[in-house]
Structure formats: C-alpha cells, structure tokens
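K.L.:
Quick one: sequence plus predicted model below, questions after.
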Amino acid sequence: MKFAKLFPFAVALVLASAFCRLASAQGLDPATLLKPTPDSWPLYHGDYSGQRHSHLSQITPANVGELTLAWAFQTGQAAEIKSSPIVANGILYVSIPDHVWAVDARTGAQVWLYTYPPNEGLHIGHRGVALYKDSVYLTTPDDHLVCLNARDGTVKWNVVLADVKTGYWTSVAPLIVRDHVLVGLSGDFDNLPGMLKSLDAETGETQWTFYSTAQPGTPGNPSGGATGGNMWITGTYDPELNLVFVGTGNPTPVLAAQTRPGDNPWTCSIVALNPDTGKFVWGFQATPHDTHDWDAVEVPVLVDGIFKGSPKKMLLQASRNGYFFVLDRATGKALLTSTFAAVNWSKGVDKDGRPIHNPEKDPARDGRLVAPDEGGATNYRSPSFDAKTGLLVVSSRDAYGIYFSKAEHGTVGWAGADYGVFGKAVLRAIDYQTGKIRWNHDLGGGWASAGVLTTESGLSFTGDSVRSVIALRTSDGATLWHSAIGHVGNSPITYQLDGRQYVIVASGGELFAWALPEKSVEQTGSHR
Amino acid sequence: MISSLVYRVRKRQRYGVALALLVLTAALSYAQSSKGQEAAAAKPVAASPATVEQIQAGKALFASQCSFCHGRDAAGGESGPDLTASPLVEQDVHGDKIGVVVRNGRLAKGMPAFGNVDDQQLAALVSFIHDRKANAKEGRRRTVDVADLQTGNAEAGMRYFNGAGGCAKCHSPSGDLAGIGGKLQGLELLKRMLYRENERTTEPSKATPTATVTLASGQTVSGKLAYRDEFTIGLIDSSGWYRSWPVTQVKFTVTDPLEAHIEQLGKYTDEDMHNVLAYLETLR
C-alpha cells in the first residue's frame, strides 16, 4: 500500500484521536496522577508522595508580602471545611460531610453542588473527594461511596461500604491508584476491625478488603484480641515498588487493654500493601499496644534521597504519639526514631526502632499524667516535606492529659476516661537526616489545626492557633506574611492557572484563594 | 523579656463540629450578656413526656452531631464526658439545663455551640439523653469518682508542696488555698491543681496573665492580657477598656502566673501528683 493512499486515513485518525483528546480533556487521565501538572492538585496530597510540596515558584519569599485575596468561596454551611480540595482542568472540588461543591478554580464561582441525603452516620468531618477520568468519589457518614459525574454532580452509582448501624462511619478522601479507589473506614468506638477497601473505579465493585486487625471469623488471635486499626487518612503510593502505604488507627477497646495483651498488630501502624491485591507486604508499629488513642494515621511521606551515605527509598512519619520515624519503605525497617514533642509514656526505643510500651503510663483508676494528650503531638492534618532543606514541617503540640480506666469502665469502645490538661502548639521543622528540630515556630495557642504546604521557592504556608493564615520562610521559620481570616482548618494546596499561582486555605465554612496582585503577575512575567 | 501566655487547652484535633459561624454567634451572645450562659433562657423545651418517635429522632441527631465526643450511647466518647453520669443532666428538667449548653456551647471546654438546633430537635436530643441515662449500662467512657483518687500520701504531698514542687513559692495552705479541699473535690480538684484552664470567667483570679506595654512615647500601660498573637498585643487597661497595638510598634512583657504549672507538668511523677492531691484534700 502506498502511503498516499493511507494519508487521508492517517489524517482522519490523527484528527479523530485529537478530537477524542479534546472531548475527554475535561476528565482526569489517571496516568497524569504519576506526574501532576502545575495547573492541578489532583490528589489529596497533591501527588502520590504525600510531601504536599509544590514546584510552583511564582510566589516567593520576596513577594509573598504582596499576596492578595483573589477570591473567597462561602459554603454557607455551619460545618468547618477540613478537607483538602482537589483541582483539575480549572475546577476545584471541596467537601464537608454530605456536601461536595465544584467551583471555578479561577474565580470561586460555584459550578455545581451535590447534597447527600440526611443520615445518622457520624458527621465529624470530611477529608476530601477523589477524581478519576470524569468521576468524583465521595465517602459519606453512613458508609457509602458515591460516584458523581464530574461535569454536573449527578450520581453515577452509590455503593455500601459497611453497615452504619455497627458503628462505622467514613470521612476519608479516597486514593486513586490506576482503576482502584481505596477507601478506609472510620469507627474506633465499637470494637470493630479496621478495614481498607479497594473498589473498581468504573463499577464500584469491591476488589479486595484489607483488615488491619482480625477479620471476624479469623482463626487464632492475630491481633491479641484487639479490634480497631481503622485507616481514616488517605495513604501514599510508590509506583516503582507498587506499594500503597497507609497509617492505621488505635486499637479497641481504646483505653482498657486487659482483653488485648501483646502488641496488637496492625493497630497504630504503618502498613504497606499491594494495591492490586490488597496483600499485606510489611507493617511497622508506631505504638505497640496503644492505650492512649494515638492513631498512626498521619501521612506516610515518601522521600527518595541519601541517608547516612547511601541512597534510600524512605518513608517519614511524624506520629500522633510524639515520635518521628524514618523507615526504609521497601522493607519497613526503621532507619531513625526520635521524638519531636513532649513525650513521657515510653521506656525508650527498642532495637527495631519502635517505642517501648511503659505499663506505668497505661490509664489507671487513679489517673496517669501522660504526654502527649489524646489529641496527640500532631494529628491528621498534613505535614509537608521540603527536599531542598531536608525538612519535614509539622504542626505539633506539647500536651499533657490525664488518663483513667478501671474495671467498671468495661471493655467495649472507649472503656475509660481522659482529660486534656494543657497543650501548646508549635510548628516544627524536623531534619530527617538526624531527627533534630531545625526550628520551632510558636503558633500562639494550644491547638494545632492546620496542615502545611511547602513550595519550591522556599515558603511554608499554614495557620497559627489564634486566627491567621501565615507564610513562613522554610529554611528558618521566619514569618513573611499573614492574614487574620480566622483559624485555618485544613491543609493548604496550590496550583497555577493562566500564569497566576493560587494558594487555597479554608477557615470555617469558607475557602480563601490567595495570589499576587494581577499587576504584579504581569510585571514578574513568570508565566509557565 | 517576653514570657508566654496561657495556652488554652484544646482536647483534640479531630474536634468535630467547631463551627466558626456558630462559635461567633455564641461569642456574640456571650459578649452581649454579662452573665454569660446563665442569661440564656433556661426554659423547658420539652414539657410533655418523650415519645418513642422523639427518642428515635434524638438518637439519629445525636449519632450524627454529638457522638464523636459523647459516644453514640451518650456515655462518653473521644474527649466528651459521659452524659449519663453528668450532674447537669441529673438536674435537667425537660431540657432547661441541657438546652443552654447545646445552644451556647462550652467554648472554653471545647464544646461548640449548636445555635442552629431548633426547638423540636433540641427536645428530641434531650429525650434521647434522658432515655440513655435511665437505661445506661457499663462500658464506654465513664466518670472518675472521688474514691478513685485516694491513692496519695498527704504527708509526702506536703513535703513536695513545700520542697521539690515549688508550690509554696506562690501558694499558701492558709492563704489562697485555705479550704480548697472543701470547695473542690476529686477530678475537679486534680485538674485545677495541674493547670487552670483560662476559662472565660468574671471571677477575679490571681491566675490571670497580665501584660505591660511600653509605647513609643515611653508611656506604659498595664492590665489583664486580653489578646495575643504573633502580630498584636491586647489588654484591658485600668479603666476597663480594651486596647491593642501591633507588636512591632511597642515593647511589652507578659507575666503568666501559671507558667510554673506548665513547667511542673513535665516534672511530676504520677506518685507526686497523687500525693499533692491528697495534701490539698486535707485543706478543708
């Protein structure tokens, strides 16, 4: 055949494929999740690494003082926005329990609102939605996964993850890996096993379920009698190892441990799973035999670099129990263990890098003074890793609580009582090579409720404990900008559209989009 | 020198419904009333006996909005007290006490205000809580009894008070602590002993942080610390007015009498803590 004969077909093919690309251009190609574009924030953490670090550099330490409000979006709802928004193709998706808004990422104008029917699931908070092709995925308080058409917010399908009557609820932002939608359940008050499910992105069919503690009916006693270990924060993913890393929550009963001797794997742990099969590959327990509600669900941050002279694929976690871990993420072995906040509950660190449980600090009838308190040395809002400085910037607390438990409290659910005594919030920059704190930045209160975003230009965005969004210089923690919008309740994100970089934070029921004044954008001429 | 102010304890970061708008509403209504919570209408919201439907409706509402902190059975959850053993619930008649707390919150203790709960919903919540109280079973979070805390040695506590603990530097058993063991008991006394939350209170207290601000002119202004963040310092001056300044334009010091308590938290052994509590209990 002659090329000339084929030429019209070839042209038609090229045109057709170009048209298809155009037609689907509003969707999100799952392949781009491996290398997100600068105009997007397509995953809960921005990318699979969990670093919450952006390569955008239009906003710099030199010009951050000029930041201005580009737009604000008011949900009009009483519930606080705790979610991390998702952005793709010029549309931003943000959620609170039972609600998702699609908003023009350039202007803050509402595109659509989806409202889930009233239900009795626990409405404690919502962490965010996920995006795949032209679908948006929403977990609901009563344990459904709803798939919405990303164009208009109409329901494509709705499947049940668990029975809300048993005490499970869901708040997690799903993690998309290829055609897998990974969803962890919540529910640590009802002696339920921790579950992470993978559902088919197209059909909603369950592909596999991973149980962090014994699945009902499992022979033997693999978790020492413990239930719990729910995976209620979005994990991270290493495509080379094809492993998903997820933190697991506290064991149940929570404060009483007489019915669950031993370490209670895999509660308060980081686990590595094969996303295609759900097969458990390794686990590392941040708190063996937890008795203080210290979920280890905090973001497992993936970092590639040199550690003590040799290249390593690492995993960093600043955990709720006050310990900072650097693990080899191929094996789950600890490379470094240190503390980053006030800790008085352990007897040191064992040969495997795990804190050693101290029974003297278990909740008792007459009370035990324990640091950190139940809220923890940090909590679920994201830290951020800046490769240039080698710093993990984390919102932390030095906090004390008193913990009680006695036989009369029973062995179901909380099974005890605890009370916060005092807390002081400090933003801390941890040098992951040494575990040492490079700098501390006093957040001015007891409550560290904002996540952190770092950017390539050397900025860290977060919220203080009083009422401001703040931008700090990542290298030394110096404040360069602030705005008193009320306390920030989520983890900031950033993206660049039409040559303008936006930083998004939430306070209360409002989203705020910060950018340089349009005039300054023109002058800097840093279009990308 | 700048010492730190009182950091209010927030019991948990997963705190649920910290509703900015409602908190604002509650703060405003608080500000408008010198008596704070007491001034809110303490009227019954559910005068007639609760129906099964009402209890069911209350259960659903409680599950979705309250159960994270108070447990689905109202017997306590993450950070929230056991309502089935709550003295306030005990005293409540048809929501006259519970309603005030739900609507106004207890902001200083971390309980948000639910100002958007209507009368019907409130009546349902109240009927559910009372039903739980009547039918409570063991398990879940529970309260701490005074008897649970009687493990300390008062004499050792007195030695610690006068010696290693350094308590006697600021406190005196015949002065500010006279009769403390009669006024406060059990868990309340223990919490007060460890650290006094900087609650909104009109009660005059030595434990209030004070600020002294030196203006550019050299003039100094002192008073109760009213506001502080990284950028602004505010106080109530001697004539009762709130005043604030950018921190870059003044010099200031903050004196927090509770600083020693914060330091002590890192020093106490559990035994010391129980001993000092036992000693305070003897001060009747």
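P.N.:
Received, thanks.
K.L.:
so what's residue 111 up against?
P.N.:
I went with chain A, as the question did not name one. A:91, A:101-104 (C-beta atoms under 8 Å, 6 or more residues apart in numbering or on different chains). Every residue, glycine included, has its C-beta placed from N, CA and C.
K.L.:
Chain B, not that one
P.N.:
B:69, B:80, B:101, B:105.
K.L.:
Can you show me the helices along chain A?
P.N.:
Assigned by DSSP state H, chain A shows helices spanning A:3-23, A:518-524.
K.L.:
now swap in chain B and tell me
P.N.:
Counting by DSSP H, chain B has helices at residues B:20-32, B:52-65, B:67-70, B:87-91, B:98-104, B:119-134, B:154-162, B:180-183, B:186-194, B:259-265, B:270-281.
K.L.:
Least reliable of those helices by average pLDDT, please.
P.N.:
Ranked by mean pLDDT, these end with helix B:20-32 at the bottom, a mean of 36.
K.L.:
picking up where we left off before, worst average pLDDT in the helices of chain A?
P.N.:
Across the helices of chain A, the lowest-scoring stretch is helix A:3-23, with a mean of 48.
K.L.:
Let me have the helices of chain B in JSON lines, extended by mean neighbour count.
P.N.:
Formatted as JSON lines, the helices of chain B follow (neighbours: other C-beta atoms under 10 Å in any protein chain shown):
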{"stretch": "helix B:20-32", "mean neighbour count": "16"}
{"stretch": "helix B:52-65", "mean neighbour count": "19"}
{"stretch": "helix B:67-70", "mean neighbour count": "25"}
{"stretch": "helix B:87-91", "mean neighbour count": "12"}
{"stretch": "helix B:98-104", "mean neighbour count": "22"}
{"stretch": "helix B:119-134", "mean neighbour count": "21"}
{"stretch": "helix B:154-162", "mean neighbour count": "18"}
{"stretch": "helix B:180-183", "mean neighbour count": "15"}
{"stretch": "helix B:186-194", "mean neighbour count": "19"}
{"stretch": "helix B:259-265", "mean neighbour count": "17"}
{"stretch": "helix B:270-281", "mean neighbour count": "22"}
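K.L.:
Kindly provide the distance from the residue of chain A found nearest chain B to residue A:93.
P.N.:
Nearest residue of chain A to chain B, counting by C-beta to the nearest C-beta: residue A:508, 2.7 Å away. From residue A:508 across to residue A:93, the span is 19 Å (C-beta to C-beta, to the nearest Å).
K.L.:
Between the two, tell me which one has more neighbours.
P.N.:
Neighbour count, other C-beta atoms under 10 Å in any protein chain shown: between residue A:508 and residue A:93, residue A:93 has more, with 27 against 24.
K.L.:
could you dump the helices of chain B to TSV with distance to chain A?
P.N.:
Below are the helices of chain B laid out as TSV (distance: least, C-beta to the nearest C-beta, whole Å):
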stretch	distance to chain A
helix B:20-32	3
helix B:52-65	4
helix B:67-70	4
helix B:87-91	15
helix B:98-104	13
helix B:119-134	12
helix B:154-162	13
helix B:180-183	17
helix B:186-194	5
helix B:259-265	5
helix B:270-281	5
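K.L.:
Would you state the strands of the stretch 151-300 of chain A in chain order?
P.N.:
Listed in chain order, the strands of the stretch 151-300 of chain A (DSSP state E, counting those that start in this stretch) span A:155-160, A:175-177, A:180-184, A:195-200, A:206-211, A:227-228, A:236-238, A:243-247, A:251-252, A:269-273, A:280-285.
K.L.:
Point out the most buried one among those strands.
P.N.:
Of all the strands of the stretch 151-300 of chain A, strand A:251-252 carries the top mean neighbour count, a mean of 32, counting by mean count of other C-beta atoms under 10 Å in any protein chain shown.
K.L.:
what does that one rub up against?
P.N.:
Strand A:251-252 has contacts (C-beta under 8 Å, 6+ apart) with A:188-192, A:213, A:223, A:226-229, A:257, A:260, A:264, A:267-268, A:289-290, A:413.
K.L.:
same thing but 7 Å
P.N.:
The contact list for strand A:251-252 (C-beta atoms under 7 Å, 6 or more residues apart in numbering or on different chains) reads A:188, A:191, A:226-229, A:260, A:264, A:267, A:290, A:413.
K.L.:
What pLDDT does the model give residue B:49?
P.N.:
72.
K.L.:
Around it, count how many other residues there are.
P.N.:
Residue B:49: 8 neighbours (other C-beta under 10 Å).
K.L.:
what does residue A:279 give?
P.N.:
Other residues close to residue A:279 by other C-beta under 10 Å number 11.
K.L.:
before we move on, the earlier item: the strands of the stretch 151-300 of chain A into JSON lines, with extra columns for distance to residue B:261 and mean pLDDT?
P.N.:
Shown next, in JSON lines, are these (distance: least, C-beta to C-beta, whole Å; pLDDT from 0 to 100):
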{"stretch": "strand A:155-160", "distance to residue B:261": "50", "mean pLDDT": "98"}
{"stretch": "strand A:175-177", "distance to residue B:261": "43", "mean pLDDT": "98"}
{"stretch": "strand A:180-184", "distance to residue B:261": "39", "mean pLDDT": "98"}
{"stretch": "strand A:195-200", "distance to residue B:261": "42", "mean pLDDT": "98"}
{"stretch": "strand A:206-211", "distance to residue B:261": "44", "mean pLDDT": "98"}
{"stretch": "strand A:227-228", "distance to residue B:261": "34", "mean pLDDT": "96"}
{"stretch": "strand A:236-238", "distance to residue B:261": "40", "mean pLDDT": "98"}
{"stretch": "strand A:243-247", "distance to residue B:261": "33", "mean pLDDT": "98"}
{"stretch": "strand A:251-252", "distance to residue B:261": "32", "mean pLDDT": "96"}
{"stretch": "strand A:269-273", "distance to residue B:261": "35", "mean pLDDT": "98"}
{"stretch": "strand A:280-285", "distance to residue B:261": "34", "mean pLDDT": "98"}
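K.L.:
Tabulate these in CSV, adding columns for distance to residue A:450.
P.N.:
Shown next, in CSV, are the strands of the stretch 151-300 of chain A (distance: least, C-beta to C-beta, whole Å):
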stretch, distance to residue A:450
strand A:155-160, 32
strand A:175-177, 22
strand A:180-184, 22
strand A:195-200, 26
strand A:206-211, 30
strand A:227-228, 27
strand A:236-238, 20
strand A:243-247, 19
strand A:251-252, 28
strand A:269-273, 23
strand A:280-285, 27
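K.L.:
Quick one: neighbours of the closest residue to residue A:169 other than its chain neighbours, just the number.
P.N.:
In space, and not counting its chain neighbours, residue A:169 is closest to residue A:122: 4.0 Å by C-beta to C-beta, 6 or more residues apart in numbering or on different chains. Number of residues near residue A:122 (other C-beta under 10 Å) recorded here: 28.
K.L.:
What does residue A:122 show for phi and psi?
P.N.:
phi -70, psi 120 (degrees, to the nearest 10).
K.L.:
Chain B next: which of the contacts of strand A:251-252 are close?
P.N.:
Subset of the contacts of strand A:251-252 in contact with chain B: residue A:413, counting by C-beta under 7 Å from any C-beta of the partner chain.
K.L.:
Just put the contacts of strand A:251-252 in JSON lines and tack on distance to residue A:248.
P.N.:
Shown next, in JSON lines, are those (distance: C-beta to C-beta, whole Å):
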{"residue": "A:188", "distance to residue A:248": "10"}
{"residue": "A:191", "distance to residue A:248": "15"}
{"residue": "A:226", "distance to residue A:248": "11"}
{"residue": "A:227", "distance to residue A:248": "12"}
{"residue": "A:228", "distance to residue A:248": "8"}
{"residue": "A:229", "distance to residue A:248": "4"}
{"residue": "A:260", "distance to residue A:248": "15"}
{"residue": "A:264", "distance to residue A:248": "10"}
{"residue": "A:267", "distance to residue A:248": "6"}
{"residue": "A:290", "distance to residue A:248": "10"}
{"residue": "A:413", "distance to residue A:248": "18"}
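K.L.:
Noted, bye for now.
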